[in-house]
Structures are given as structure tokens and as C-alpha cells.
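A.B. asks: here is a sequence together with a model predicted from it:
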Amino acid sequence: MYGKTSAGVGQAPLIDSDRRLVVARSGGKYAEAVADGRMFSACSATKVATTAGVTGAWTGLCISNLTGSGKNVIVHEFGWGLMIAANTAGNVGLQTASIAAPASVITVHNCLDGSTTSAAVYADDGATLVTPLQVRTFGEYGTEGTDTSFFNHGVHVYNLEGSLVLPPGRTVATYTTLATIACFQFHFIWEEVDVA
């Protein structure tokens with residue numbers, strides 16, 4: 001109820017029962033974070049093979065918040081697609097860990113297109129995970145051809161909506177039940193905020 005009436009009379013701001021100002025976002029729920037240059041994404045550049053289960057010698061896609069970054073990484077979205085049929089069937093999920101030697105192999109993109117603000121995160125497609133822990137399972141993959149199976153079509157996106165936060169020195173990595181041939185493409189979208 002903020003603004004003016006059709007007669008040009010000013011209105012008071014709208015306050016909820018806890019005396020908090022009620023505001024309406026414009027431009028989508030992540031628009032402010034994107035405009036501030038603190039939203040980033042990484043995507044597999046080509047199809048990648050995956051390793052089986054929770055393992056130290058791992059392949060897929062990961063993002064690693066570097067030790068000493070001074071940032072918390074708020075993971076908002078994870079997605080996957082099959083470019084060709086997998087050689088086995090299983091589940092897709094996420095695991096967290098620390099990482100022995102973070103490397104910047106996959107390009108990280110600032111969601112404010114054209115921004116020169118760099119991420120505190122490295123993205124990689126193969127690394128040594130230290131004490132990995134499976135934290136999410138939410139999708140399946142199979143051996144049917146991507147050109148003939150409805151199962152493999154559609155948008156495969158898991159909206160974490162900030163329910164996973166990586167402090168400095170932590171990594172989130174893809175998880176598949178069984179090892180696959182190079183068939184997947186993955187992506188992550190995250191926000192970086194100063195450690196309080």
C-alpha cells in the first residue's frame with residue numbers, strides 16, 4: 001500500500017503484524033543478487049563421465065569455495081541433461097566434501113552478463129574429494145536413447161533455493177549411483193555473500 005492513490009494522495013507503507021515492512025520484488029527472486037554481481041554459474045562444456053557413488057577419486061561437475069575466500073556460497077540450483085544414453089541406470093544427486101587441490105577447469109560465469117566481478121569459487125570436472133558425504137538424491141538416468149525416450153526429455157533442475165551453503169574450504173559435487181560413460185552435462189547456480 002505504498003505509493004499514491006488514483007487521486008494523487010500518498011499512502012502509508014504496508015507493515016505486517018510483526019511490524020516489518022512488506023515489499024514486493026520486481027524482476028524475479030534473484031534479480032537483485034544478479035544486479036549486484038554476486039550470482040554465478042558453471043556448466044559442463046561438453047559431456048562428462050561420472051564415477052560411482054560417494055568416492056574420493058571423482059568425476060562430474062563440482063564447485064569449490066576456496067579456503068580464505070571470505071565468502072559463503074549459497075547454492076540455488078543444480079541441473080543435468082543427458083546428451084546421449086547412459087550405459088547404466090541410476091540416481092543423480094549431490095555430495096559435499098573438502099577437496100585436496102581445487103582447480104579452475106570449468107569457466108565460471110557471472111550472471112550479470114559482462115561483469116568483471118570474479119567468483120570466489122573454482123569449478124572442476126575431476127578431483128580428489130576428501131571425506132565426501134551424499135546430501136541429496138533427486139533424479140534418475142537410464143539407458144534409453146535421448147531421441148526416443150520421454151524419460152530423458154524435459155528440464156532436469158533441482159531448486160535448492162539456498163538450502164545448501166558452502167563455507168570456505170567446502171565443495172559440492174555431482175553424484176551418480178553407478179559410473180557412466182561421458183553422457184552428462186551439469187550446471188550449478190549460486191550466490192556469494194560475505195562471511196558474517
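C.D. replies: That came through fine. Since the structure is predicted, the reported quantities are computational estimates derived from the model, not experimental observations.

A.B. asks: please enumerate the strands of the protein.
C.D. replies: For the chain, the strands defined by DSSP state E cover 3-4, 10-11, 39-43, 48-50, 57-65, 71-82, 90-99, 108-110, 121-141, 157-166, 171-176, 180-194.

A.B. asks: strands paired with the third one, and their directions?
C.D. replies: Looking back up the chat, that one is strand 39-43. Paired neighbours of strand 39-43 in the sheet (DSSP bridges): strand 108-110 (antiparallel), strand 180-194 (antiparallel).

A.B. asks: ok, now the fourth one?
C.D. replies: Strands adjacent to strand 48-50 in the sheet, as given by DSSP bridges, are strand 180-194 (antiparallel).

A.B. asks: would you put the C-alpha positions of the partner strand in PDB?
C.D. replies: Extracted as PDB, the C-alpha positions of strand 180-194 are listed here (Å, rounded to 0.1, in the frame of the first residue of the first chain):
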ATOM      1  CA  THR A 180      28.700 -43.700 -16.500                       C
ATOM      2  CA  ILE A 181      30.300 -43.100 -19.900                       C
ATOM      3  CA  ALA A 182      30.700 -39.500 -21.000                       C
ATOM      4  CA  CYS A 183      27.000 -38.600 -21.400                       C
ATOM      5  CA  PHE A 184      26.000 -35.900 -18.800                       C
ATOM      6  CA  GLN A 185      26.100 -32.100 -18.800                       C
ATOM      7  CA  PHE A 186      25.600 -30.500 -15.400                       C
ATOM      8  CA  HIS A 187      25.200 -26.900 -14.100                       C
ATOM      9  CA  PHE A 188      25.200 -25.100 -10.800                       C
ATOM     10  CA  ILE A 189      23.900 -21.600 -10.000                       C
ATOM     11  CA  TRP A 190      25.000 -19.900  -6.700                       C
ATOM     12  CA  GLU A 191      25.300 -16.700  -4.800                       C
ATOM     13  CA  GLU A 192      28.300 -15.500  -3.000                       C
ATOM     14  CA  VAL A 193      27.900 -13.400   0.200                       C
ATOM     15  CA  ASP A 194      30.500 -12.200   2.800                       C
END
